[in-house]
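In: Predicted model follows, preceded by the sequence.
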Amino acid sequence: MTARSRLADRQGFDVWGFLLFSHGWTWLWWSVPILAGWHVFELPGLVFLIVGGLGVTIGGVVTAWLVGGRTGLSDLGRRLVEIRRIPIRWAVVMVALWPTLTLVGAATAVVVDGANQPVSAAPLLDLLGDPVALAGTLLVIFVLGPFHEEIGWRGYWLDRLQRRWSALTASLVVGVAWAAWHAPLFLMVGYFSSWDFSPDPSLFAFNVLVGAILYTWLYNNANRSVLAAILFHFVGNATGQLLELSQTADFYQTMATTGLVLVVVVLWGATDLRRDGERPLAPY
């Protein structure tokens, strides 16, 4: 551990300093279109939406450099690109978990409530007929959340939190901050309406909080791979966009996810959420 890192640990800057960028930067930029009443997918609102959303990315990169210097940035960069970090079994979890939970929610709605159409694949089927539109949609989904957010949440912050607390506690701290970071989106003109859905804020926050535990579970077992977290985030967002659940099926999916989290915590333990019991720590 370098002198710089020891100072950051002692003063807590490695934890709260990240929030200055992630939330301070984002909320400052996002407050402008909210107060002005601009549509966020039209100019000039779009500029503030995009630039503001970079707060988590900036927080991850800048704080990694302030705390760890070149070592911190190098470590972050490697974990962004090294595919070999991800064990095959965890790659399967990364790709299949969110679609599976979606189907479980839909199937439960059929069995319990006799729902006729608990899930609709209409958005996906429409895009399959237009490869360019499909690629564009997937690119937007990737850029608007998974890539830039995970550089901060899991790429930097989760490691620092796990130095202080158990994996479960660190996950809940990330989950609360993550949900709060998204809060201004519910006040923006045109954000959720442009995606043809408007989630309930309380349910959204709960899903983020519960989901954060699964992200830690995957991240810790994928050798701190930021790439794994990004792809996991991407599959989750894409599944939600392209497969539309009914309100009842969505509720059952939330219950299934919560049940899975409880199983994960019981089987792997709240301390590390890791098979071998070895706590993964940043090298700085």
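Out: Done, it's in.
In: Which residue comes closest to Ser246 once chain neighbours are left out?
Out: Of all residues not flanking Ser246 in the chain, Pro118 sits nearest, at 4.9 Å (Cβ to Cβ, 6 or more residues apart in numbering). Every residue, glycine included, has its C-beta placed from N, CA and C.
In: and the one you found, what does it touch?
Out: Gly105, Ala106, Ala107, Ala109, Val110, Leu245, Ser246, Thr248, Ala249 (Cβ atoms under 8 Å, 6 or more residues apart in numbering).
In: Around His39, count how many other residues there are.
Out: By other Cβ atoms under 10 Å, 17 other residues sit near His39.
In: where does it fall, phi/psi-wise?
Out: Per-residue torsions, His39: phi -70, psi 130 (degrees, to the nearest 10).
In: Please tell me the pLDDT value assigned to the nearest residue to it once chain neighbours are set aside.
Out: Leaving aside its sequence neighbours, His39 sits nearest to Gly190 (Cβ to Cβ, 6+ apart; 4.1 Å). Note on Gly190: pLDDT of 88.
In: Gly190 contacts Gly37, correct?
Out: No. Between Gly190 and Gly37 no contact is recorded; they are 10.3 Å apart, counting by Cβ atoms under 8 Å.
In: My guess is Pro58 contacts Leu20. True?
Out: One correction, residue 58 is Ile, not Pro. No. Counting by Cβ under 8 Å, Ile58 does not reach Leu20; the two are 9.9 Å apart.
In: Setting aside sequence neighbours, what's the nearest residue to Val176?
Out: Here the residue nearest Val176, using Cβ to Cβ, 6+ apart, is Leu209, at 6.6 Å.
In: how about the residue nearest to His39, what does it touch?
Out: Neighbouring residues of Gly190 by Cβ under 8 Å, 6+ apart: His39, Val40, Phe41, Glu42, Gly45.
In: Quick check: chain neighbours aside, which residue is closest to Trp157?
Out: Leaving aside its sequence neighbours, Trp157 sits nearest to Phe18 (Cβ to Cβ, 6+ apart; 5.2 Å).
In: Contact partners for that neighbour?
Out: Phe18 makes contacts with Gly59, Gly60, Thr63, Gly152, Tyr156, Trp157, Arg160, as judged by Cβ under 8 Å, 6+ apart.
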